[in-house]
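**Student:** Quick one: sequence plus predicted model below, questions after.
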Amino acid sequence: MKAEVKELPQDIMELQMGPSHPATHGTIKFNLKLDGERVVDCDTEVGYLHRGFDKSSEQGTWTQVIPYTDRLNYVSPLINNVGYALAVERLLGVETTPRCQFIRVVASEISRITDHLTCCGMAASELGAITAGFYMIEAREMLMRIVEALTGARLTVTYVRIGGLKHDLPEGFAAQVKDAFEKTRRLLADVEKLLSHNRIFIDRMSNVGVISKETAVSYGLTGPVLRSTGVNYDVRKLQPYLVYDQMDFTVPLGSHGDNYDRFIVRVEEIEQSMRIVEQALEKMPTGPISIEDPRIVLPDKEKVYNSIEGLMHHFKIIMEGVHVPPGEVYQAVEGGNGELGFYLVSDGGGRPYRVRVRPPCFIAMGAFREMIRGYTVADIVPTFGMINMIGGECDR
Amino acid sequence: MADEIPQLEAIRRILGDAVLDAHTARGEDVIVIRRDGLVESFKRLKEDPALAFDFLSDLTAVDYFGKKEPRFEVVYHLLSLGSGRRVRVKVPVGESSPEVDSLVSLWRAADWMEREVWDMFGIRFRGHPDLRRILLYEEFRGYPLRKDYPVNQRQPLVPERALKGTFVDMRSNNKLAQLKQQLEKQKLAGADSKRG
Amino acid sequence: MIVDLAIVAVKAFLVLFMVLNLAGILGWVERKGSALIQDRIGANRASIFGFAGMGLVNTLIADPIKMLTKEDFIPAHGDRLMHTLAPCLALFPALVTFAVIPFGDVLVVGGREINLQVANLNIGILYIFAMASLSVYGIVIGAWASNNKFSLLGGVRGAAQMVSYEIAMGLSVIGIVIVYGTLEPQAMVRAQGELFWGWLPAWGVVRQPLAFLLFFTAAVAETKRLPFDAPEGESEIVAGYHVEYSGGKFLMFFAGEFAEVVTAAGLVTTLFFGGWQVPYLLRDGFYFPWGSVVSLAPLTVTILQVAAFTVKVLFFCWLQIILRWTLPRFRYDQIMRLGWKMLLPAALVNLFLTAAWIVVRRPV
């Protein structure tokens, strides 16, 4: 009998990873084509968290958009608040008070730290280094307490107002920040011992998800993902907003454009952000936290109850919204994941005509296919983790 | 950003009659360019050494329904990474043929952003390699960010369950719930008439 | 005759009881230990009549009850028979391996010699490897019968990993076998009671330090726990070969994993850390190198020996738990590279050196 030679089938296996999968936090789906463990192609499906941010924003007044911005990048909602408020203020042609600007910087940077800590911690724990992940989450918890003390909420902060802030810094804020930073630095030192010099971790992260400088720019990547390739683009340095030009900080840059560089860039940025917060708290001027314009900022409750003008201003702002002169503006701020842009169009009424967010992680996810092609299934986890896709921002 | 007017002048000079309008508003340079030869214009903006807008920062559209003619504007935000100069490029697109050329050949970032604009505004991008809906599902009908798309319209992929109890929001356009309520009312009316 | 059978039955029951309970306890230790490492409180909700203080006992009871009362899910188009068989195949080898591990010296009761070991096989080491290689089947069959691509990936990874590490494991043990000149675990442990230069216990780790490292690494890899948990890889392939398992069958996989931890600890103890040997403790008491002698009753000696074995096993279990909560996960190809390109050559070198040393020392 002739022996029948059977070829092993070498078909491409299709695997649908997500939308509900431990690695796809934020709800996303990868339609993978696998050759064994190797990713031949990856079609990324987003939109599972689409809630119609743009359309909803067109329904309410300019002020009513602020709570929606909390839910964009819900890991660092304060930066979204600040970005939106800055854009509206530029449309109005006003500038906030110095104290407000400093507080906004403090709030943004604390948010950035929580964002990076969450990203790095989750990426580490997904790689199995759960302990290091928990250390970072513990550090984040300290900062979340600060955010809570500052805004009254952990997630849905809605702290920034057009033309100012909801309220001033709480008492003993600087001391609380100092204490939290001390603990954070100690925890980060532990994490560095556990991770940054761990051979297994380095092997898993380095030379994975590599993207070149030119490709990264072409894909419109921003933030730590772009800076890991060595492109020096940070909105805070290139087009300083608020009082970032008065702060002394450096922008950490990578060189390989791989996951390890992204991790290190983020960890370094945490330190830089802590430096900015310390400087800002040191230089913090006194004075009002909001501009004195009753057409933009709600009057004090005292005035509302005791004077007819105050009541009228209050009524006008609540019912009609802040009247923003017609025009359009694009305001970019440096979000946790990169350039967070707000493109606002006003038709002169109390409601926004168009609110567009440039979501940094949506654009980064566009480059995911390029980053993961040719690597293995297991590499999806750190690569996706270091992009730090936040469902609320990506899908809006 | 010190040389704002020279930047616009340089753009005018380089793009020639492709520029329909150029002005500065709130410190931002805005140019409006012709839809025809769009890729060529962007290529010049990107590759000319005097401009060097090498980074496509954002790509979106605005629907000026009933306010402006032509109805749509596709809005591009370009950035020069070296100098930090920005420019906003607007391309008017009419309602009859909502089509522009795709920029995927210049910036890969345009891929997803153009898909989003197609998804939300129904503006087609000629030459896009894979123009599918991105945030919404393929079965979705209409383009939600157009101003004539009603904000409370619902088209669920899976039929919605009828709500019961305290939290029934009658304002929502929950077709299925309304249908069921109607049926129940009819049933009740039928029972009543039988009894009567 | 009947008494002999009864003794074996009692020993088998005792060992099974100990291993399974230790597996349960490790489940709790892992939760509490990880919490300790990570500055958390850890499991504190299992309570009997509102009394949560006895966390250990409660968790021991609560865990199985929870799992056994859950739905037993078999995926559509999965193979029912194989799906049921797989967890049994995964748990069985881990439990029976312990049969040849001696937990004490010979105990003499009423003139009857009782060997504190369930089965004194003269090819014990071979038996261990035979059983260890069986556990691959549980994984592969479970993965295949689940009709799930994530499982399949996990199964393929698991099969490759276990087969690869068995080779390194086997080769590292051959060094030990050469040194002691026996395949019988009890005889090996006895041989580790000798002293070097009159004071250093001649444990396996002293004679074969490299083999210990290799064996321990391979043993951890065989348990498929964290640095080597690519077959499960919960963040990438969800839970690998046991994605589609629930309830009692999952409990069997779960218990099997911890039983493997206990078995690995037992093997390391037996082969490299003197098994039940307590340094300087002979059959009738302590003989310290500085000359003093402490006489002890035979029963006390046996109890001390069993206690020493237990402590050593617990230490290695704890070591594995610490490892699991400290290190990140390898990638599948990195596991293969470590196994074939580092452990295997190192084991071969170790084997060659040992053999050369034996030849030089004792020319035949």
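**Tutor:** Good, I have the coordinates. Numbering: from 1, shown residues only, chains lettered A, B, ... in the order given.

**Student:** residues from the stretch 201-350 of chain A in reach of chain C?
**Tutor:** Contact residues, the stretch 201-350 of chain A versus chain C (Cβ under 8 Å from any Cβ of the partner chain): A:201, A:203-204. The C-beta positions use only the backbone N, C-alpha and C, and glycine is treated the same way.

**Student:** Quick one, which of these are buried?
**Tutor:** Among these, those that count as buried by neighbour count (16 or more other Cβ atoms under 10 Å in any protein chain shown) are A:201, A:203-204.

**Student:** quick revisit: go through the residues of the stretch 201-350 of chain A next to chain C and name the one nearest chain B.
**Tutor:** Nearest to chain B out of these is residue A:204 (Cβ to the nearest Cβ; 26.8 Å).

**Student:** if I look at the residue of the stretch 101-250 of chain A found nearest chain B, how far off is residue C:336?
**Tutor:** Nearest residue of the stretch 101-250 of chain A to chain B (Cβ to the nearest Cβ) works out as residue A:220 at 2.9 Å. Counting by Cβ to Cβ, to the nearest Å, the gap from residue A:220 to residue C:336 is 37 Å.

**Student:** A helix includes residue B:56, no?
**Tutor:** No: counting by DSSP: H, G, I helix; E, B strand; the rest coil, residue B:56 falls outside a helix, being strand.

**Student:** Bridge partners for it, pull those for me.
**Tutor:** Assessed by DSSP bridges, residue B:56 has beta-bridge partners residue B:78.

**Student:** and it, what does it touch?
**Tutor:** A:220, B:76-79, B:103, B:106-107, B:109-110, B:113 (Cβ atoms under 8 Å, 6 or more residues apart in numbering or on different chains).

**Student:** what do you get for residue A:4?
**Tutor:** By Cβ under 8 Å, 6+ apart, no residues touch residue A:4.

**Student:** Where does it sit: helix, strand or coil?
**Tutor:** Assigned with three-state DSSP, residue A:4 falls in the coil class.

**Student:** Kindly state the pLDDT recorded for it?
**Tutor:** With respect to pLDDT, residue A:4 scores 72.

**Student:** State the distance from it to residue A:11.
**Tutor:** For residue A:4, the distance to residue A:11 - Cβ to Cβ - is 20 Å.

**Student:** repeat for residue C:343
**Tutor:** Distance of residue C:343 to residue A:11, computed by Cβ to Cβ: 33 Å.

**Student:** Residue A:386 is in contact with residue A:364, correct?
**Tutor:** No: counting by Cβ atoms under 8 Å, residue A:364 does not reach residue A:386; the two are 9.6 Å apart.

**Student:** biggest helix in chain C, by residue count?
**Tutor:** The residue-count maximum for a helix in chain C (DSSP state H) belongs to helix C:2-37.

**Student:** nope, chain A is what I was after
**Tutor:** For chain A, the helix with the greatest residue count under DSSP H is helix A:98-126.

**Student:** so who does residue C:327 touch?
**Tutor:** With Cβ under 8 Å, 6+ apart, residue C:327 has these contacts: A:128-129, A:198, A:200, C:226-227.

**Student:** Need phi/psi at it.
**Tutor:** Backbone torsions for residue C:327, taken as degrees, to the nearest 10, come to phi -100, psi 150.

**Student:** what's the distance between it and chain B?
**Tutor:** Computed as Cβ to the nearest Cβ, to the nearest Å, the residue C:327 to chain B distance reads 37 Å.

**Student:** Low-confidence ranges, the chain, go.
**Tutor:** Since you didn't name a chain, this refers to chain A. Residues of chain A meeting the criterion pLDDT under 70: A:1-3.

**Student:** please go with chain B instead
**Tutor:** Chain B contains residues with pLDDT under 70 at B:1-5, B:160, B:162-179, B:181, B:191-196.

**Student:** can you map out the strands along it?
**Tutor:** Assigned by DSSP state E, the strands in chain B fall at B:19-25, B:28-33, B:55-63, B:72-79, B:86-93, B:99-101, B:124-126.

**Student:** can you tell me the residue of chain C closest to chain B?
**Tutor:** Closest residue of chain C to chain B, Cβ to the nearest Cβ: residue C:76 (20.7 Å).

**Student:** Any figure for the gap between residue C:105 and residue C:190?
**Tutor:** 8 Å.

**Student:** Tell me which of the two has more neighbours.
**Tutor:** With neighbours defined as other Cβ atoms under 10 Å in any protein chain shown, residue C:105 and residue C:190 compare such that residue C:105 has more, 24 against 19.

**Student:** got a list of what that one touches?
**Tutor:** C:116, C:190, C:276, C:283, C:301-302, C:305.

**Student:** Nearest to chain A among the residues you listed?
**Tutor:** residue C:276 (33.7 Å).

**Student:** List the contacts of that closest one.
**Tutor:** Residue C:276 makes contact with C:102-105, C:116, C:189, C:305-306, C:308-309, according to Cβ under 8 Å, 6+ apart.

**Student:** now the helices: where do they sit in chain B?
**Tutor:** Using DSSP H, the helices of chain B run over residues B:4-15, B:38-47, B:110-121, B:175-195.

**Student:** Buried deepest among those, which one?
**Tutor:** Stretch with highest mean neighbour count among these: helix B:110-121 (a mean of 24; mean count of other Cβ atoms under 10 Å in any protein chain shown).

**Student:** still on that earlier bit, which one is the residue of chain C closest to chain B nearest to, not counting chain neighbours?
**Tutor:** Residue nearest to residue C:76 in three dimensions, not counting chain neighbours: residue C:147, with 7.4 Å by Cβ to Cβ, 6 or more residues apart in numbering or on different chains.

**Student:** Now do the contacts for the spatially closest residue to residue C:24 that is not a sequence neighbour.
**Tutor:** Distances taken as Cβ to Cβ, 6+ apart place residue C:60 nearest to residue C:24, at 4.7 Å, with adjacent residues excluded. By Cβ under 8 Å, 6+ apart, the residues touching residue C:60 are C:21, C:24-25, C:28.

**Student:** Name the residues of chain B found near chain C, please.
**Tutor:** By Cβ under 8 Å from any Cβ, no part of chain B sits against chain C.

**Student:** Which residues of chain B lie near chain A?
**Tutor:** Contact residues (Cβ under 8 Å from any Cβ) of chain B with chain A: B:25-28, B:30, B:54-58, B:60, B:62-63, B:67, B:75, B:77, B:81, B:84, B:86, B:88, B:107-109, B:111-113, B:116, B:120, B:134-137, B:144-145, B:149, B:151.

**Student:** Among these, the buried ones, what's the ChimeraX command?
**Tutor:** This is the ChimeraX syntax for the buried subset of the residues of chain B next to chain A, where burial follows 16+ other Cβ under 10 Å:
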select /B:28,30,54,55,56,57,58,60,62,63,75,77,81,86,88,107,108,109,111,112,113,116,120,134,135,136,144,145,149
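
**Student:** who does the longest helix of chain C touch, helix- and strand-wise?
**Tutor:** Judged by 3 or more Cβ pairs under 8 Å, 6 or more residues apart in numbering or on different chains; DSSP states H and E, helix C:2-37 is in contact with helix A:130-151, helix C:55-68, helix C:80-96, strand C:112-115, helix C:247-272, helix C:298-326.

**Student:** Check the offset of it from the chain's centre.
**Tutor:** A distance of 12 Å separates the centroid of the chain from that of helix C:2-37, by Cα atoms, centre = their mean, to the nearest Å.

**Student:** which parts of that helix are buried?
**Tutor:** Neighbour count says helix C:2-37 has C:11, C:15-16, C:19-20, C:22-35, C:37 buried, by 16+ other Cβ under 10 Å.

**Student:** for it, what is the average pLDDT?
**Tutor:** Averaged over helix C:2-37, pLDDT sits at 83.

**Student:** quick check: angle from that helix to helix A:130-151?
**Tutor:** Angle of helix C:2-37 versus helix A:130-151, following axes from the mean of the first three to the mean of the last three Cα atoms, to 10 degrees, is 40 degrees.
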